[in-house]
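> A structural model of the following input is requested.
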Amino acid sequence: MDALSLNATDCSGLNGTNCSGGFNQFIQPAWQVTLWAAAYCAIVVVSVVGNVLVVYIILAQKRMRTVTNYFLVNLAFAEAAMSAFNTVINFVYAVHNEWYFGLVYCRFHNFFPLAAIFASIYSMTAVALDRYMAIIHPLQQRLSSTETRVVIVIIWVLALLLAFPQYHYSATAVLPGRAVCFIDWPDYTPVDFKKMYYICVTLLIYFLPLCIMGWAYMTMGFTLWAGEIPGDSSEHYRQQLIAKQKVVKMMIVVVCTFAICWLPYHIYFLLHQFFPELFEQRYIQQVYLTVMWLAMSSTMYNPIIYYCLNSRFR
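Below you'll find the predicted structure:
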């Protein structure tokens, strides 16, 4: 069985690995597949509609075109695109363990989500640093609209470069009874390239930006909430302070939501890299579908958060 089995993580997700085996041992009853399908389709509908509305609101309203909101447009675009192009495909592949979509989409499927996640979290990081400069160093020059667009382009260039190995090494293969999409990592390097790559990816798209944002928001929080307002502060100053507090509070909720949604996914794949024998059990498909749903669901919460915590979006 071990030589023939193939669990759902072997060829799906952001970090597909080498494929082996010729049949799918993880066949679920129809009612279970239906429930999972409804859950994944709900992500796509809410995410795409919500994030498209966010983009429209910001670009259509002149007063909404701030530096922070330009980065939120980039964040919304990345999340809507990832939800639309990869969520359902991920689900179908995880349930069927058969690839129906050809080599071109296999490469896109392994390549684009990683780039989108990078663009998403570094858009959040850019917002955190922009807010940090506005609050901690208010007299220093802020980014202009042109400079903001340049930063967004740089974020996407770096995202595409980081994800390129997953495009380059993506492949399809026909096993007995089914086709698979996987990443055919090179095995001729002196170190385990796959493990090193994924550790670097996890650090770059999760832990490093979260550390930067954690430091920035802790500093801002101390300044905005723990600092004393001078006794002669005007009402206008107080209103500005309250507005800054609201924006920072909203972005802290956005960042914490992202961190919570993606933490189980990264833990899952780190364990998969170092303890692959744990992933041969029949229950692992349900674990994978749960972890993947939580990660993909991160794309649908931000529009709801903006609506609840930002009166301008309302």
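
> kindly state the pLDDT recorded for the spatially most central residue of the chain?
In the chain, the centroid-proximal residue (Cα atoms, centre = their mean) is I117; its distance is 3.5 Å. pLDDT recorded at I117 is 95.

> secondary structure element for it?
I117 is part of helix 102-136 when elements are defined by DSSP states H and E.

> hmm, M82 and the residue nearest to the centre of the chain touching each other?
Yes: judged on Cβ atoms under 8 Å, I117 makes contact with M82 at a distance of 7.2 Å. Quick note: C-beta positions are derived from backbone N, CA and C, even for glycine.

> what sits against T148?
Applying Cβ atoms under 8 Å, 6 or more residues apart in numbering, we find T148 in contact with 67, 70-71.

> for R142, see how far away it is.
Between T148 and R142 the computed distance is 9 Å (Cβ to Cβ, to the nearest Å).

> same question, F112
Distance from F112 to R142, by Cβ to Cβ: 32 Å.

> more crowded one of those two?
Using other Cβ atoms under 10 Å, the more surrounded residue of F112 and R142 is F112, with 22 against 13.

> could you verify my assumption that the more buried one touches N86?
Yes: with contacts counted by Cβ under 8 Å, F112 reaches N86, the gap being 6.5 Å.

> am I right that A179 is in a helix?
No: counting by DSSP: H, G, I helix; E, B strand; the rest coil, A179 falls outside a helix, being strand.

> wait, doesn't it sit right on A173?
Yes: counting by Cβ under 8 Å, A173 is a contact partner of A179 at 7.0 Å.

> overlap in contacts, T148 and R142.
Shared contacts of T148 and R142, defined by Cβ under 8 Å, 6+ apart, comprise V67.

> how about F164, nearest residue that isn't a chain neighbour?
Leaving aside its sequence neighbours, F164 sits nearest to F111 (Cβ to Cβ, 6 or more residues apart in numbering; 7.3 Å).

> what sits against that neighbour?
Counting by Cβ under 8 Å, 6+ apart, F111 touches 163-164, 166-167, 170.

> repeat the analysis, applying 6 Å as the threshold.
With contact taken as Cβ atoms under 6 Å, 6 or more residues apart in numbering, F111 is in contact with 163, 166-167.

> check Y169 too.
183-185.

> now do D184, the pLDDT please.
89.

> dump the residue contacts of it.
169, 171.

> quick check: it vs H96, distance?
Going from D184 to H96 by Cβ to Cβ gives 21 Å.

> nearest to Y301 among the contacts of Y169?
Taking Cβ to Cβ as the measure, Y301 lies nearest I183 of those, at 28.8 Å.

> mind listing what that closest one touches?
Residues near I183 by Cβ under 6 Å, 6+ apart: 16, 110, 166, 169-170.

> where does the prediction get shaky in the stretch 151-300 of the chain?
Per-residue confidence for the stretch 151-300 of the chain (pLDDT under 70) gives these ranges: 188-191, 227-236.

> what ranges does it have for its helices?
If DSSP state H, counting those that start in this stretch is used as the criterion, the helices of the stretch 151-300 of the chain fall at 193-202, 208-221, 235-274, 284-309.

> kindly report the same for the stretch 1-150 of the chain.
Assigned by DSSP H, counting those that start in this stretch, the stretch 1-150 of the chain shows helices spanning 30-60, 67-82, 88-96, 102-136, 145-168.

> go through the shortest one and flag the buried ones.
Counting neighbours by 16 or more other Cβ atoms under 10 Å, one finds that the buried residues in helix 88-96 are 88-96.

> that one - contacts with which helices or strands?
Counting contacts by 3 or more Cβ pairs under 6 Å, 6 or more residues apart in numbering; DSSP states H and E, helix 88-96 is packed against no other helix or strand.

> hmm, 10 Å instead?
Helix 88-96 is packed against helix 30-60, helix 102-136, strand 178-183, helix 284-309, with contacts defined by 3 or more Cβ pairs under 10 Å, 6 or more residues apart in numbering; DSSP states H and E.

> what about that helix, average pLDDT?
pLDDT averaged over helix 88-96 gives 86.

> returning to what we had before: of all the helices and strands packed on helix 88-96, which one is nearest L75?
The nearest among these, by Cβ to Cβ, is helix 102-136 at 4.1 Å.
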